[in-house]
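Visitor: Model the following, please.
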Amino acid sequence: QVQLMESGGGSVQTGGSLRLSCATSGYTDSRYCMGWFRQSPGKEREEVASLGGAGSTRYADSVKGRFTISKDIATNILHLEMNSLKPEDTAKYYCATNERYSCGSISGYKIWGQGTQVTVSS
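Guide: Below you'll find the predicted structure:
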């Protein structure tokens, strides 16, 4: 059974940066789509960024130009580089995979990590 574990969350001030990482344990195909999602209290979980098997990326409009998703192929660790952070980026961030080569809707993601908290203060 594949397991995902996020790290790198923390507290920063507006304009700061953080780098989240998502490590995979257990066998998985490195070409599977993986994504970053976030959820804050009272809100639905939303997709932040995703990385498909062919290297295609997708970003939420709210993070375009500020966040970058990438994967270290050798270690299959997924990263999310977050720059110019804003208070509205405050949320618990999750990584997930849908175990398919193309990314789709959030409902297709079957394996989730436990999440890492990101707090941005003004």
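Visitor: pLDDT score assigned to the residue most central in space within the chain?
Guide: With distances taken as CA atoms, centre = their mean, the residue of the chain nearest its centroid is residue 36 (2.0 Å). Listed pLDDT for residue 36 reads 98.
Visitor: Residue 66 now?
Guide: 98.
Visitor: Return the residues in contact with it.
Guide: Contact analysis of residue 66 by CB atoms under 8 Å, 6 or more residues apart in numbering lists 82, 83, 84, 85. Heads up, the C-betas are built off the backbone N, CA and C, glycines and all.
Visitor: And the strands in this protein?
Guide: Under the criterion DSSP state E, strands of the chain are mapped to 3-7, 10-13, 18-25, 34-39, 46-51, 57-59, 67-72, 77-82, 91-97, 111-112, 116-121.
Visitor: which stretch among these comes nearest residue 103?
Guide: strand 46-51 (4.3 Å; CB to CB).
Visitor: how far off strand 34-39 does that closest one point, in degrees?
Guide: Comparing the axes of strand 46-51 and strand 34-39 via axes from the mean of the first three to the mean of the last three CA atoms, to 10 degrees yields an angle of 170 degrees.
Visitor: List the strands paired with strand 46-51, with their directions.
Guide: Sheet pairing of strand 46-51 (DSSP bridges) gives strand 34-39 (antiparallel), strand 57-59 (antiparallel).
Visitor: circling back to that earlier point, looking at the strands of the chain, which is nearest to residue 105?
Guide: Comparing the strands of the chain by CB to CB, strand 46-51 comes nearest, at 8.4 Å.
Visitor: Cool, thanks, talk later.
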